[in-house]
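> just need the structure, nothing else, for what follows:
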Amino acid sequence: MTNKARERANRLNAAKTIIRRAGSVALDYFGRYDTLDVQAKRTAQDLFSEADTHVERLIRTAIAEQFPCDGLVGEEYGRHEGSSTWQWVIDPIDGTSCFLYGLPTWCVVIALIEDGVPVLGLTYDACRDHLYWAALGEGAWRNDTPIRVHPRAVIADGLTAIGGSNAVYSAQLGGIIERLLAAGGSYMRNGSTALTLAHVAAGHYVGYFQPLLNSWDCVAGLLLVSEAGGVTNDFVAETGLYGRGDVFACAPQISQIMEKIVGRTAQA
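Here you go, the predicted structure:
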């Protein structure tokens, strides 16, 4: 094993422990979601609470203690530039609105970038104790079981997830949903990009698209889908870690029709 491979393996093992600990803390907050102090960011739909900030601090502290030279970027506390070639990307609770309304479609997310390339992606569904994780070139997993995108389902007999927010023109999303329905598809949304991408990787959805997302929402999940045999766009290459861009992921057999429906070109 090379030094780089050993360093990556060490970070994967640490990330699995950290994300489960963070998920346990988040789950405790979720058990009393209706008592939390909730605040809005840019809009009334863009919410956060003490759970988000506490969980991100926990993750950042644990990473900094074990890998003090690594960089960090997270939804709640922004970026910290490191001196190593590694950078962690954190979303303490993806699907915060669902979390704050008592819906179990939220998760904790950690990704790792090495020299500008996503190499680890972890999404922890604490409500079900499902840890979805992927390592570049090593496949995708749910706990200890390998996962794959759906091998046969097509638009007309599968479930396709489409996400949106008030940052996206309603006409754009309306057109996408109209084209999806015209193709015989079914439109789904669970409120968490990271969890939706994990479900694409596991074959539950055949595809997913959402415009204008941040890196912490999607980098881990896109690696999951890619390592599970799916087709995705390269968010980091297109947008970088600090911009907002589209997220496209699907089983390979529907990639061409998905590209037409959402109006973009995907990259394998």
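> where does the spatially most central residue of the chain land on pLDDT?
In the chain, the residue lying closest to the centroid (C-alpha atoms, centre = their mean) is Ala194, at 2.5 Å. On the pLDDT scale, Ala194 is placed at 98.
> use 499 as the first number for this chain going forward.
Right, with 499 as the first residue, what we last looked at is Ala692.
> let's verify it: helix, strand, or coil?
helix (DSSP: H, G, I helix; E, B strand; the rest coil).
> if I pick it, what's in contact with it?
Asp589, Asp592, Gly593, Cys605, Val607, Thr621, Asp715, Cys716, Ala718, Gly719 (C-beta atoms under 8 Å, 6 or more residues apart in numbering). Just so you know, the C-beta spots here come from the backbone N, C-alpha and C atoms, and that holds for glycine as well.
> so where's the chain shaky on pLDDT?
536-546, 664-666, 763-766 (pLDDT under 70).
> domain ranges for it, per the record?
Here the domain assignment for the chain is 501-644, 657-760, based on automatic domain parsing.
> need these in CSV (columns: distance to Arg650).
Formatted as CSV, these follow (distance: least, C-beta to C-beta, whole Å):
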stretch, distance to Arg650
domain 501-644, 18
domain 657-760, 7
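> quick check: which of the ones you listed is buried the most?
domain 657-760 (a mean of 21; mean count of other C-beta atoms under 10 Å).
> can you get me the start-to-end distance on that one?
15 Å (C-alpha to C-alpha, to the nearest Å).
> in this protein, which spans are helices?
Taking DSSP state H as the test, the helices found in the chain are 501-528, 548-564, 594-598, 668-680, 691-699, 713-725, 733-737, 753-760.
> any idea of the angle the fifth one forms with helix 713-725?
Helix 691-699 runs at 10 degrees relative to helix 713-725, counting by axes from the mean of the first three to the mean of the last three C-alpha atoms, to 10 degrees.
> closest to Ala651 out of the domains of the chain?
Between Ala651 and these, the shortest gap by C-beta to C-beta is with domain 657-760, which sits at 4.9 Å.
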